[in-house]
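K.L.:
sharing a model that was predicted from the sequence below.
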2 protein chains.
Amino acid sequence: MTNLAATEVKLETRARGILEQHHIRPTAQRMKLAEILLAAPCHLTAEQILISLRESSRKVSKATVYNTLKLFVEQGLVRQIHCDGDRCVYDSRIAPHHHFQNLDTGEMIDISPDDLAFERLPPLPQGTEIAGVDVVIRLRRKA
Amino acid sequence: MTNLAATEVKLETRARGILEQHHIRPTAQRMKLAEILLAAPCHLTAEQILISLRESSRKVSKATVYNTLKLFVEQGLVRQIHCDGDRCVYDSRIAPHHHFQNLDTGEMIDISPDDLAFERLPPLPQGTEIAGVDVVIRLRRKA
DNA sequence: CTCCCTGCAAATGCTTTGCAACTAA
DNA sequence: TTAGTTGCAAAGCATTTGCAGGGAG
């Protein structure tokens, strides 16, 4: 009980700090969203976030959820991953890392950067540099 | 001229052969689509394919393009790549390979499997096996 | 008071689907 | 004949946008 309360306070403080670091005004809606995403490293769809929000006291409109997520992505607060054509997840872990994708469930699982290394990378086209490298290991149930 | 004609005939034959191998009835529309995709390894959006088709003699409806592409994907004739949220490309190279994505132009470029190798892969979650590994190296114009 | 934020609903854009006409074996 | 295909238009669906009302500083 006291632990829970302490955790919640800490989370709120942390969320506020991160928003301010990114020069985002900490409105009630943005705070709620940040708290959901920052509570733990997670991969959530806009829909799942919307459901989380409805369960909490404060109600947030769908438009605001999308607008806020877009803002967070632009500010580098979360990462947007397109796992398939008509669904994308917001990844609250900012540090570079890779993913398993469970094809049966659609679930995304983090891969620690330490667990994956390249032996050889291809030469880059003239005049370009690497902005990022994404690896997705697609998994199926073992036969 | 004779070369061109020969190439076209060959392409048509090849397209027909591939459709039959996959037990897809070679209708005129499917042949045209297969020819566009098989002419060379390429990454085309549904829109680009639609434009190619309009330029050719035979006209094909948008619905048929989507239905046919879906069929081709299901049959493993082409690969569908989701490069961003509201756009996907159809990759006519079936063999496993990876991609550069030019963030400035959206263009996808093949990476030969020989040019990329892993030094270390992460342990897989219990009861799963690898269905595929996709690497996307995102590029930006060099500063 | 002013600017920015929010929420609703309408709009957008890609993709899918229902259905009647059609086509090839 | 008969199952499989096509094309049109309408439907779907995730996301974006226009705009009026609202809130914080």
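P.N.:
Okay, I see it.
K.L.:
all contacts plus neighbour counts: C-alpha atoms, from now on.
P.N.:
OK.
K.L.:
mind listing what the nearest residue to A:Asp104 once chain neighbours are set aside touches?
P.N.:
Nearest in space to A:Asp104, with sequence neighbours left out and distances taken as Cα to Cα, 6 or more residues apart in numbering or on different chains, is A:Arg140 at 6.4 Å. Each residue near A:Arg140 by Cα atoms under 8 Å, 6 or more residues apart in numbering or on different chains is listed here: A:102-104, B:128-131.
K.L.:
hey, what's the residue nearest the centre of chain A bridged with?
P.N.:
The centre of chain A sits closest to A:Asp91, judged by Cα atoms, centre = their mean, with a distance of 1.7 Å. Note on A:Asp91: beta-bridge partners by DSSP bridges are A:His43, A:Arg79.
K.L.:
residue numbers of chain A in contact with DNA strand D?
P.N.:
Taking Cα under 7 Å from any atom of the strand as the criterion, chain A approaches DNA strand D at residues A:27, A:45-47, A:62-63, A:66-67, A:70, A:86-88.
K.L.:
filter these down to the ones close to DNA strand C.
P.N.:
Among those, the residues lying close to DNA strand C (Cα under 7 Å from any atom of the strand) are A:27, A:62-63.
K.L.:
most neighbours among the residues you listed, which one?
P.N.:
With neighbours taken as other Cα atoms under 10 Å in any protein chain shown, the top of these is A:Lys62, carrying 13 neighbours.
K.L.:
which ones are touching that one?
P.N.:
Neighbour list for A:Lys62: A:Leu50 [criterion: Cα under 8 Å, 6+ apart].
K.L.:
just to revisit the earlier point, okay, and which of the residues of chain A next to DNA strand D map to helices?
P.N.:
Cross-referencing these against helices under DSSP state H gives A:46-47, A:62-63, A:66-67, A:70.
K.L.:
A strand includes the residue nearest to A:Asp104, no?
P.N.:
Yes. Per DSSP: H, G, I helix; E, B strand; the rest coil, A:Arg140 lies within a strand segment.
K.L.:
roughly how far does it sit from A:Cys83?
P.N.:
15 Å (Cα to Cα, to the nearest Å).
K.L.:
A:Ala131 now?
P.N.:
A:Ala131 sits 19 Å away from A:Cys83 when distances are taken as Cα to Cα.
K.L.:
next one: A:Gln29
P.N.:
As judged by Cα to Cα, A:Gln29 and A:Cys83 stand 26 Å apart.
K.L.:
can you pull the contacts of A:Val73?
P.N.:
Here A:Val73 is in contact with A:79-80 (criterion: Cα under 8 Å, 6+ apart).
K.L.:
what's the neighbour count on the residue nearest to A:Thr68 when sequence neighbours are not counted?
P.N.:
Closest residue to A:Thr68 apart from its sequence neighbours, by Cα to Cα, 6+ apart: A:Arg30 at 6.7 Å. Residues within reach of A:Arg30, counting by other Cα under 10 Å, total 22.
K.L.:
A:Ile94 contacts A:Gln75, correct?
P.N.:
No. Counting by Cα atoms under 8 Å, A:Ile94 stays clear of A:Gln75, with 11.1 Å between them.
K.L.:
between those two, who's got more neighbours?
P.N.:
Neighbour totals were compared for A:Ile94 and A:Gln75, and A:Gln75 leads with 15 against 11 (other Cα under 10 Å).
K.L.:
what sits against the more buried one?
P.N.:
A:Gln75 makes contacts with A:His22, as judged by Cα under 8 Å, 6+ apart.
K.L.:
picking up where we left off before, would you turn the ones in helices among the residues of chain A next to DNA strand D into JSON lines with distance to A:Val136 and pLDDT?
P.N.:
Listed next are these as JSON lines, based on distance: Cα to Cα, whole Å; pLDDT from 0 to 100:
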{"residue": "A:Ala46", "distance to A:Val136": "21", "pLDDT": "94"}
{"residue": "A:Glu47", "distance to A:Val136": "22", "pLDDT": "93"}
{"residue": "A:Lys62", "distance to A:Val136": "29", "pLDDT": "95"}
{"residue": "A:Ala63", "distance to A:Val136": "30", "pLDDT": "96"}
{"residue": "A:Tyr66", "distance to A:Val136": "25", "pLDDT": "96"}
{"residue": "A:Asn67", "distance to A:Val136": "27", "pLDDT": "97"}
{"residue": "A:Lys70", "distance to A:Val136": "23", "pLDDT": "96"}
